[in-house]
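> Sequence and predicted structure are below.
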Amino acid sequence: MQALIVEPSPTYQRILSRMLESYDFQLTFVDSATAGFRALTQHQFQMICVAMYLPDLTGIDFCQHVRQRNSEVPIFIVTSETDPELLSSALTAGASDIIRKDDLPRLEESLHALIPLGPFRYNISGKALYLEDSLTVAKATDAKLKRLGLQMDHAFSIQQALQLLDNNKYELIMTDIVLQDNETGIDFIQRLRADNRFAQTPILAVTSLESVHRRIQALQSGANDYISKPVLDEELFARINNLISATRLIEQLTRERQRLLELATKDHLTGLYNRHFLTELAKRRFAEANRQQQALAVLVLDIDHFKQINDQFGHQTGDKVLKRVATALQAQCTTEQYLARFGGEEFVLLLPDCNLSTAHDKAQQLCQALQQLQPEGINTSVSIGVACLSTAREEYFDEVFARADKALYQAKQQGRNQVIALAP
Ligand SMILES: Nc1nc2c(ncn2[C@@H]2O[C@H](COP(=O)(O)OP(=O)(O)OP(=O)(O)O)[C@@H](O)[C@H]2O)c(=O)[nH]1
């Protein structure tokens, strides 16, 4: 690794040389910005230290020039200056950190943080969006985020940011709070939080140090965290890492919850609801329908001669037939019509707001659809029993299911591939 030290004072050159000894750097010392620019054309540097005051330029100007061509290399400005405005403009110019001459060990700390940085220390990847009206600040931030493993898209205005959000997926959204043209980052955060698509995306607000009121407003609007300008690299990295890690944890928990829910409610072969889920749902729906005197019908469907399909084509083909039949049945159902695999080659369909005649028509439609399906090239048919809730008295799922099952038995007895409906 190569490091460039742009430092006119021989004393500080020596001090820096000793400090950097323990790092595996090849050091190039120059005493002016002009010599520094020349060195940059000759070598590829992985780190630059520059004094604030050089004979030909300031360290800030030097830094700004370097950043125009190289957004990645860490640049440390070494100075005795304490003026906050000057230090802030150094960071705006793209400096990675400012090292005070009376606090040189900080350079070691920064280097220490810098060297193991990247995907190894922070397991971060993906893209971040930054709404910021200053191109210089955006470029400097881009370089910092790259070191963290994040690609950055930059937007100058809320409109531009919203367009980027329509077409990209971001792990993190950062926004400056004070923007041009009467826009504020607060407006942007509020719009994001009103949009379900970005409910989980972490938002980091970038505010000025003195504006406590704006920081509170940003958090109240839905920002997850804030960082104050001038932004210190290590603080930025730690906050981004925390935000993204927390979001990933929530996503992981949501996926896990979804998986457990599927396991508890779905049949693993066909992906339809399982017997347990449908029975529980049907119990609730029957109680409701009795109370509100609504129609409710149950269909019991059974594939005809399925044992023969298994025997003739094998169990695996039998499974494929079951899946194809399930998909075909599901395709004929709305989201309000609940289809379950009850076991083996038997399916149950719960039809809310459906009387016996409509349920019978629906069953006919399913019966015909399956006759034409030919799953795995095999002639397949179903028999269907239909029953519905009595309008004269309260009935519960077990009773209506038993009647539909009896109707199914009759359909089988009468030659299969047909529908029988039994009135209450
Ligand atoms: N491939 C496969 N077969 C299954 C599964 N579950 C049950 N079966 C088989 O389904 C067949 C059901 O046979 P039966 O109950 O005799 O009924 P059937 O042959 O369809 O005859 P009918 O219903 O009277 O028309 C049995 O051979 C079971 O082994 C499954 O998950 N996969």
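Looks like it came in fine.
> which residues does L204 contact?
Contacts for L204 (Cβ atoms under 8 Å, 6 or more residues apart in numbering) come out as 172-175, 223-227, 239-240, 243. Bear in mind the C-beta positions are built from the backbone N, C-alpha and C, glycine included.
> Please repeat the previous calculation with a cut-off of 6 Å.
174, 225 (Cβ atoms under 6 Å, 6 or more residues apart in numbering).
> Can you point out the helix or strand that includes it?
strand 203-208 (DSSP states H and E).
> tell me the mean pLDDT for that strand?
The pLDDT scores in strand 203-208 average 92.
> can you give me how far that strand is from the chain middle?
Chain-centre distance of strand 203-208: 21 Å, with Cα atoms, centre = their mean, to the nearest Å.
> What strands line up against it, and which way round?
Here strand 203-208 is paired, per DSSP bridges, with strand 172-176 (parallel), strand 225-229 (parallel).
> how about the ones you listed, which one is nearest the ligand?
Go through the strands paired with strand 203-208 one by one with Cβ to the nearest ligand atom and the one that ends up closest to the ligand is strand 172-176, at 45.9 Å.
> Could you identify the helix or strand that succeeds the longest helix anywhere in the chain?
Determined from DSSP state H, the single longest helix within the chain is helix 233-265. Heading C-terminal from helix 233-265, the first helix or strand you meet, by DSSP H and E, is helix 275-292.
> Can you name every helix or strand that that next one contacts?
helix 397-413 (3 or more Cβ pairs under 6 Å, 6 or more residues apart in numbering; DSSP states H and E).
> helices or strands up against the helix it packs on?
Where contact means 3+ Cβ pairs under 6 Å, 6+ apart, helix 397-413 is packed against helix 275-292, strand 296-303, strand 382-388, strand 419-422.
> touching the ligand at all, it?
Yes - contact of helix 397-413 with the ligand is found when judged by Cβ under 6 Å from any ligand atom, involving K412.
> can you give me the mean pLDDT across that helix?
97.
> Give me the residues contacting that helix.
With Cβ under 6 Å, 6+ apart as the criterion, helix 397-413 contacts 282-283, 286, 298, 300, 302, 383, 385-387, 389, 418, 420, 422.
> Narrow those residues to those that are buried.
282, 286, 298, 300, 302, 383, 385-387, 389, 418, 420, 422 (16 or more other Cβ atoms under 10 Å).
> Which pair in the residues you listed has the greatest spatial separation?
The span of those, defined through Cβ to Cβ, is set by F286 and Q418 at 26.5 Å.
> Which positions in this structure make contact with the ligand?
269, 302-308, 310, 315, 318-319, 322, 344-345, 412, 416.
> How about the secondary structure of the residue in the stretch 51-200 of the chain that the ligand sits nearest to?
The minimum distance from the stretch 51-200 of the chain to the ligand, using Cβ to the nearest ligand atom, falls at Q200 (37.7 Å). Counting by DSSP: H, G, I helix; E, B strand; the rest coil, the backbone at Q200 sits in coil.
> what residues are up against it?
Applying Cβ under 6 Å, 6+ apart, no residues contact Q200.
> where does it fall, phi/psi-wise?
phi -100, psi -10 (degrees, to the nearest 10).
> shaky segments in the stretch 1-150 of the chain?
Applying pLDDT under 70 to the stretch 1-150 of the chain flags the ranges 22-24, 109, 112-123.
> now the helices for it?
Listed in chain order, the helices of the stretch 1-150 of the chain (DSSP state H, counting those that start in this stretch) span 10-19, 33-42, 59-69, 84-92, 105-114, 135-148.
> Correct me if wrong: I309 contacts G318.
Yes - between I309 and G318 there is a contact at 5.4 Å, judged by Cβ atoms under 6 Å.
> and stretch 256-273, how far from the chain's centre?
Mean-position distance between stretch 256-273 and its chain equals 22 Å (Cα atoms, centre = their mean).
> And it, what's buried?
Under the neighbour-count criterion of 16+ other Cβ under 10 Å, stretch 256-273 has 265-267, 270, 272-273 buried.
> of the residues you listed, closest to G149?
For the buried residues of stretch 256-273, the nearest to G149 is K266 (36.5 Å; Cβ to Cβ).
> so who does that closest one touch?
The contact partners of K266, by Cβ under 6 Å, 6+ apart, come to N274.
> change it to 10 Å
Contact analysis of K266 by Cβ atoms under 10 Å, 6 or more residues apart in numbering lists 272-274, 277, 340-341.
> give me the beta-bridge partners of it?
Bridge pairing for K266 - DSSP bridges - gives Y273.
> I'd like to know how far it sits from Y273.
Going from K266 to Y273 by Cβ to Cβ, to the nearest Å gives 6 Å.
> how close does the nearest residue to F347 once chain neighbours are set aside sit to F397?
Leaving aside its sequence neighbours, F347 sits nearest to L301 (Cβ to Cβ, 6 or more residues apart in numbering; 4.4 Å). Distance, L301 to F397, by Cβ to Cβ: 17 Å.
> Look up which residues are beta-bridged to I77.
The partner residues for I77, given DSSP bridges, come to V50, I98.
> Do I have it right that it meets I98?
Yes - counting by Cβ atoms under 10 Å, I98 is a contact partner of I77 at 5.1 Å.
> Can you pull the residues that touch both of those two?
In contact with both I77 and I98: 52, 59, 86-87, 90-91, using Cβ under 10 Å, 6+ apart.
> Right, I'll leave it there.
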